[in-house]
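Sequence first, predicted coordinates after that:
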Amino acid sequence: MNEFIFLPPRQLKSSNTVALPGSKSISNRILLLAALSDNVCQIHSLLQSDDTDRMLEALEKLGIPLQKSLSGSLKVTGQNGVFPNQHADLFLGNAGTAFRPLTAALAILGGNYHLYGVARMHERPIGDLVDALRIVGANVEYLGNEGYPPLQIHDFTDTKIRKIPIKGDVSSQFLTALLMALPLTGKAYEIHVQGELISKPYINITLNLMKKFDIHVDNQAHQIFRLPAKTHYRAPELIHVEGDASSASYFLAAGLLSGKPVRVTGLGKHAIQGDVAFVHELEKIGATVTWGDDFIEVSRAVNQSILPFDLDANHIPDAAMTLAIVALATGAPCAIRNIGSWRVKETDRITAMATELRKVGAIVVEENDAIYITPPKQLINNAKIDTYDDHRMAMCFSLVSLLGVSVTINDPKCTHKTFPTYFQIFNELAE
């Protein structure tokens, strides 16, 4: 590993405020919806990261006019439900929030498109989405292993089938991609979720944003979704991207671990992201929480210990990774369950988390969809943490430095995927 960052043990300052970067999930959804709208949309507080860069590059190659202002906002001139360029070679890195929705939109519109990414993206399943798209008439070809990218997309032929099954237990991004793409046909559809739908809050983000872009979906208990006919995307003239709730989890957990108040701004009590539920989990185990319209603050009373937990984390899969580090401060066994989706993320996060927690001395048992963590009596000093090209592994393990030991994080630049300035901001919180 060529690069690393050493984090000595630290105390936080007596008062801390962090301005959050924009949400990755919201940013990439808004970019695609704006591109497919029939008007111009000005986007404020858009996340600047590797994942959004991949989406922006793709939209430019597809012929969408983009114009950045001096203030940092972005003007997207929507092309009324089509992409001007019918042929494109699109590299999407490891950005699932770009790859899955673009696959669906391009497959529904038809054309000649090559979609590919880094090696890990070619290990992340996409077969359930492609199966659903083929039912309605998409012509999608696997260029490598069946069920995985890279993909070649060809012309669309309407099968006139209007009821679409989609599996819900691997990734909510498959359903999000279908929901966002099917209105481009102008036809009415029913999407039927097979099995348990994981990460429902991320579907709620999708539905909320589609509504802002003038598409109203009938949601029947997250099992049946009805899309009306003869609709098209109409963008708001101006839209703000909410601060990233998953990124907030590291700073809010720092408030709990350190006992010093940490306030994040750009996110508040009216947030549409499901990962704000992470704050309620912190509250259950000892955090003191203050909610504002545009901020959340977490601290911990002097006489309040951090309590062990046994959590079904299906509703907050990304933020739950942060709790794996919080478990080290509880002094007792903890469990994080119903996290099978961790295995198909940027890395196999269950195995990666178990491997690295053992380096700091924890006893860890992993199951297919759960992880059990018993903290050591004394953490191992200056563990060398591998990050697996996974931004969340790097940011999670930075919190170990709040537990009285130093830690070395390998490949810290992997945080550029969603939060390029993370370590700079984290270090600024220290006394």
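Great, that's in hand.

So which residues of the protein form helices?
In the chain, the helices defined using DSSP state H lie at 24-35, 50-61, 96-109, 127-136, 172-181, 200-212, 245-258, 277-284, 320-326, 349-359, 391-398, 422-428.

Dump the ones you listed to a markdown table, plus distance to residue 149 and mean pLDDT.
Backbone N, C-alpha and C define where each C-beta goes, glycine included. Output for the helices of the chain, formatted as a markdown table (distance: least, C-beta to C-beta, whole Å; pLDDT from 0 to 100):
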| stretch | distance to residue 149 | mean pLDDT |
| --- | --- | --- |
| helix 24-35 | 17 | 98 |
| helix 50-61 | 13 | 98 |
| helix 96-109 | 7 | 98 |
| helix 127-136 | 10 | 98 |
| helix 172-181 | 13 | 97 |
| helix 200-212 | 20 | 97 |
| helix 245-258 | 23 | 98 |
| helix 277-284 | 30 | 98 |
| helix 320-326 | 24 | 98 |
| helix 349-359 | 19 | 98 |
| helix 391-398 | 20 | 98 |
| helix 422-428 | 27 | 98 |
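
So for residue 5, which of those helices sits nearest?
The closest of the helices of the chain to residue 5 is helix 422-428. By C-beta to C-beta, the value is 5.7 Å.

contacting residues for residue 309?
281, 284, 285, 323, 327, 330, 334, 335 (C-beta atoms under 8 Å, 6 or more residues apart in numbering).

Need the nearest residue in space to the fourth one, chain neighbours excluded.
What that stands for is residue 323. Leaving aside its chain neighbours, residue 323 sits nearest to residue 336 (6.1 Å; criterion: C-beta to C-beta, 6 or more residues apart in numbering).

Please report how far that neighbour lies from residue 99.
26 Å (C-beta to C-beta, to the nearest Å).

Switch the helices of the chain over to CSV; also include distance to residue 116 and mean neighbour count.
Formatted as CSV, the helices of the chain follow (distance: least, C-beta to C-beta, whole Å; neighbours: other C-beta atoms under 10 Å):
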stretch, distance to residue 116, mean neighbour count
helix 24-35, 17, 27
helix 50-61, 11, 21
helix 96-109, 9, 26
helix 127-136, 14, 21
helix 172-181, 17, 26
helix 200-212, 24, 19
helix 245-258, 26, 27
helix 277-284, 33, 18
helix 320-326, 27, 26
helix 349-359, 23, 21
helix 391-398, 21, 26
helix 422-428, 27, 16
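
Need these in CSV (columns: distance to residue 385).
Below are the helices of the chain laid out as CSV (distance: least, C-beta to C-beta, whole Å):
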stretch, distance to residue 385
helix 24-35, 22
helix 50-61, 20
helix 96-109, 23
helix 127-136, 32
helix 172-181, 27
helix 200-212, 27
helix 245-258, 14
helix 277-284, 22
helix 320-326, 11
helix 349-359, 5
helix 391-398, 5
helix 422-428, 13
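
which stretch among the ones you listed comes nearest residue 80?
helix 24-35 (10.2 Å).

what's the burial count for residue 125?
16 (other C-beta atoms under 10 Å).

cool, and residue 218?
11.

do you know how far the closest residue to it other than its chain neighbours is from residue 181?
In space, and not counting its chain neighbours, residue 218 is closest to residue 226: 3.9 Å by C-beta to C-beta, 6+ apart. Computed as C-beta to C-beta, the residue 226 to residue 181 distance reads 15 Å.

With residue 298 instead?
38 Å.

Please apply the same query to residue 161.
From residue 161 to residue 181 the distance is 15 Å (C-beta to C-beta).

With residue 321 as the reference, measure out to the residue nearest to residue 323.
From residue 336 to residue 321 the distance is 8 Å (C-beta to C-beta).

Contacts only, for residue 163.
So residue 163 contacts 189, 190, 192 (C-beta under 8 Å, 6+ apart).

Is it correct that residue 69 is in contact with residue 44?
No - Residue 69 is not in contact with residue 44 according to C-beta atoms under 8 Å; the separation is 9.5 Å.

who has more neighbours, these two?
residue 44 (14 against 10).

Residues in a beta bridge with the more buried one, which ones?
residue 240 (DSSP bridges).

According to the record, where do the domains of this protein fall?
4-21+242-429, 24-226 (the TED database).

nearest to residue 235, of those?
domain 24-226 (3.6 Å).

tell me which of the contacts of residue 309 is nearest to residue 117?
Nearest member of the contacts of residue 309 to residue 117, counting by C-beta to C-beta, is residue 323, at 28.6 Å.

list the contacts for the closest one?
So residue 323 contacts 253, 278, 281, 309, 311, 313, 334, 336 (C-beta under 8 Å, 6+ apart).

separation between the closest residue to residue 347 other than its chain neighbours and residue 409?
Of all residues not flanking residue 347 in the chain, residue 388 sits nearest, at 3.8 Å (C-beta to C-beta, 6+ apart). Here residue 388 is placed at a distance of 12 Å from residue 409 (C-beta to C-beta).

Please say which of those two ends up with more neighbours.
Taking other C-beta under 10 Å, residue 388 and residue 409 do not tie; residue 409 has more neighbours (27 against 23).

Which pLDDT value goes with the nearest residue to residue 391 once chain neighbours are set aside?
Excluding the flanking residues, the one nearest residue 391 by C-beta to C-beta, 6+ apart is residue 417, at 4.2 Å. With respect to pLDDT, residue 417 has a value of 95.

Pretty sure residue 417 sits against residue 394.
No - shown here, residue 417 and residue 394 do not form a contact pair, counting by C-beta under 8 Å, at 9.5 Å.

still on that earlier bit, now do the contacts for the residue nearest to residue 347.
By C-beta under 8 Å, 6+ apart, the neighbours of residue 388 are 346, 347, 352.

Equivalent analysis for residue 337, please.
Taking C-beta under 8 Å, 6+ apart as the test, what residue 337 contacts is 310, 311, 312, 313, 369, 370.

mind putting these in a markdown table, neighbour count and distance to residue 140 included?
Shown next, in a markdown table, are the contacts of residue 337 (neighbours: other C-beta atoms under 10 Å; distance: C-beta to C-beta, whole Å):
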| residue | neighbour count | distance to residue 140 |
| --- | --- | --- |
| 310 | 11 | 41 |
| 311 | 20 | 37 |
| 312 | 13 | 34 |
| 313 | 26 | 32 |
| 369 | 18 | 28 |
| 370 | 19 | 33 |
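
which of those residues sit farthest apart?
310 and 369 (14.1 Å).
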